[in-house]
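Asks: the sequence and its predicted three-dimensional model are supplied below.
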Amino acid sequence: MSDVSMLSILSDVNARSVLIGCMLLGATAGVVGSFAFLRKRALLGDALAHSALPGVVIGFLIAGGKNPLALLAGAMVTAWLGAVAVDLISRYSRIKEDTATAISLSVLFAVGIVGLTMVQRHGSAAQAGLDHFLFGHAASLLPSDVSQIAVLALLTMAVLGIFYKEFKATSFDPEFTQSIGIPVTVLNTVMTTLIVLAVVIGLQAVGIVLMAALIITPAAAARLWTDRLSGMIVLAAAIGALAGIAGSGISFGIPRMPTGPWVVLSATGMFFVSLIFAPRRGLLTRMLRYVRVRNQTMQENVLKSFYKIGEQRGDMLSPITPADLQRARFFAPGTFRRGMRRLQRMGWVEQAGAEYRLTDEGLVRAARLVKLHRLWEVYLTDYINLPSDHVHRDAEQIEHVITPELEAELEKLLERPRHDPHGTPIPYEPASVRGATSSGSSSPEC
């Protein structure tokens with residue numbers, strides 16, 4: 001959004017009200033949604049939003065018109081009753097919470113639609129625009145509406161701040177929290193009420209249908225970036241606020257473009273950016289980690305093949321042809337060539353004409369891999385009581401992830417055995433592998 005557009009929004013009273021209202025809504029939804037997300041109650045926001053529709057209709061009928069306070073009060077009452085219905089159904093019947101949530105969502109929303117239809121047939125002009133609560137109509141936000149949103153947002157933030165430690169405890173370990181005397185049921189009721197407040201705040205701007213997305217999406221995006229609850233709350237609030245600003249800017253810049261859907265789409269766009277680029281949980285990071293582990297495993301398997309052939313020949317540093325390496329362990333040709341180039345760059349393998357041989361450093365690394373493999377085989381046979389012919393595959397998988405600390409523990413636990421279950425020597429010192437002979441190496445396994 002350009003500086004000119006931002007100045008235009010700030011100079012227009014109505015546009016400024018929409019911007020501030022959506023920003024407050026996004027921030028509040030992000031904070032409350034963080035706790036709902038961690039407590040695995042993502043669907044509850046959807047149920048509460050749909051449960052609010054009958055309250056909007058009832059508030060309209062009681063007030064005799066679109067009195068904002070009456071509409072919001074009615075929405076709050078029926079949304080809260082929907083939450084109580086979910087709790088009672090799941091607690092006192094065999095129906096699980098997700099099923100109870102779906103029942104409450106469907107039934108109360110259907111009641112609201114029937115009531116909305118009956119009101120629209122009444123003929124009074126006052127009900128015009130009442131259906132905006134379904135999809136939101138942020139352009140109708142007035143400064144008085146923004147003031148109401150601000151009050152509800154501050155109230156929600158204040159309650160979260162006061163009970164932050166208790167909410168944090170119940171989010172991660174409700175059983176322990178209950179055991180130390182903290183009233184978990186009361187806290188759950190308070191949290192449900194805060195979600196109801198967040199839903200009511202967003203009805204006019206985003207609408208009933210889209211409000212659940214705004215509660216959960218910023219929290220889900222923030223969770224991808226951090227493991228700390230405090231950081232998640234701050235990030236979720238920031239993402240929600242930015243989504244509100246972006247949605248308002250887009251709807252202001254493009255004529256006849258609804259604000260609420262663009263706020264949700266902006267939050268969704270930020271979620272997908274987080275899903276791809278988050279440093280620890282992002283798809284790109286996971287893909288790069290997978291490629292790195294796959295390449296490392298392949299390189300280590302090549303080093304083991306060098307060692308196996310050298311052990312059979314009795315000469316660890318003699319040149320070996322690619323065909324001999326492929327016979328010892330099959331590698332895809334392209335993957336093999338790339339792996340050999342990387343091993344040469346690392347200084348672990350050097351080329352001798354059409355053949356390859358281990359360097360001194362490569363021999364040390366190959367010997368360690370073989371040692372880890374054979375130590376794990378000994379552990380599986382001695383402590384897990386697996387037959388010796390059943391341990392090779394497990395050792396093939398674990399040898400690549402054994403840390404130096406675990407390696408030291410294995411050596412201490414097993415008292416540095418000299419041979420693996422197949423009678424093959426276990427190389428402990430780099431010097432010991434140079435003079436290795438074919439004795440004891442008749443097993444085809446490492």
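Replies: Sure thing, it's come through.
Asks: going forward, measure contacts and count neighbours with C-alpha atoms only.
Replies: OK.
Asks: who's in contact with the spatially most central residue of the chain?
Replies: Nearest to the mean C-alpha position of the chain, by C-alpha atoms, centre = their mean, lies residue 224 at 4.7 Å. Contacts of residue 224 were listed using C-alpha atoms under 8 Å, 6 or more residues apart in numbering, and they are 274, 275, 278, 280, 281, 282.
Asks: just the buried subset of those, please.
Replies: Neighbour counting by 16 or more other C-alpha atoms under 10 Å classes 274, 275, 278, 281, 282 among the contacts of residue 224 as buried.
Asks: skip the chain neighbours and tell me the closest residue to the second one.
Replies: Right, the one you point to is residue 275. Residue nearest to residue 275 in three dimensions, not counting chain neighbours: residue 282, with 4.9 Å by C-alpha to C-alpha, 6 or more residues apart in numbering.
Asks: OK, contacts around the one you found?
Replies: Residues near residue 282 by C-alpha under 8 Å, 6+ apart: 224, 274, 275, 276.
Asks: please apply the same query to residue 23.
Replies: The contact partners of residue 23, by C-alpha under 8 Å, 6+ apart, come to 240, 241, 242, 243, 244, 245.
Asks: out of those residues, which two sit at the greatest distance?
Replies: The largest distance within the contacts of residue 23, taken as C-alpha to C-alpha, falls between 240 and 245 and amounts to 8.8 Å.
Asks: so between the two, which is more surrounded?
Replies: The neighbour comparison of residue 240 against residue 245 (other C-alpha atoms under 10 Å) goes to residue 240, with 35 against 25.
Asks: need the three-state assignment for the residue nearest to the more buried one when sequence neighbours are not counted.
Replies: Among residues not flanking residue 240 along the chain, residue 26 sits closest, at 3.8 Å (C-alpha to C-alpha, 6+ apart). Following DSSP: H, G, I helix; E, B strand; the rest coil, the label given to residue 26 is helix.
Asks: tell me the contacts of residue 26?
Replies: 214, 215, 237, 239, 240, 241, 242, 243, 244.
Asks: tell me how far it lies from residue 354.
Replies: Per C-alpha to C-alpha, to the nearest Å, residue 26 is found 64 Å from residue 354.
Asks: for residue 107, same thing?
Replies: Counting by C-alpha to C-alpha, the separation of residue 107 from residue 354 is 75 Å.
Asks: can you give me the strands in the stretch 201-350 of the chain?
Replies: According to DSSP state E, counting those that start in this stretch, the stretch 201-350 of the chain carries its strands in the segments 349-352.
Asks: which stretches in it count as helices?
Replies: 208-223, 229-253, 259-277, 283-313, 322-328, 333-346 (DSSP state H, counting those that start in this stretch).
Asks: buried residues, the second one. List them.
Replies: Right, helix 229-253. 229, 232-252.
Asks: so for that helix, mean pLDDT?
Replies: Helix 229-253 carries an average pLDDT of 90.
Asks: just want to know which of residue 107 and residue 354 has more residues nearby.
Replies: Counted by other C-alpha under 10 Å, residue 107 and residue 354 do not tie: residue 107 has more neighbours, with 15 against 9.
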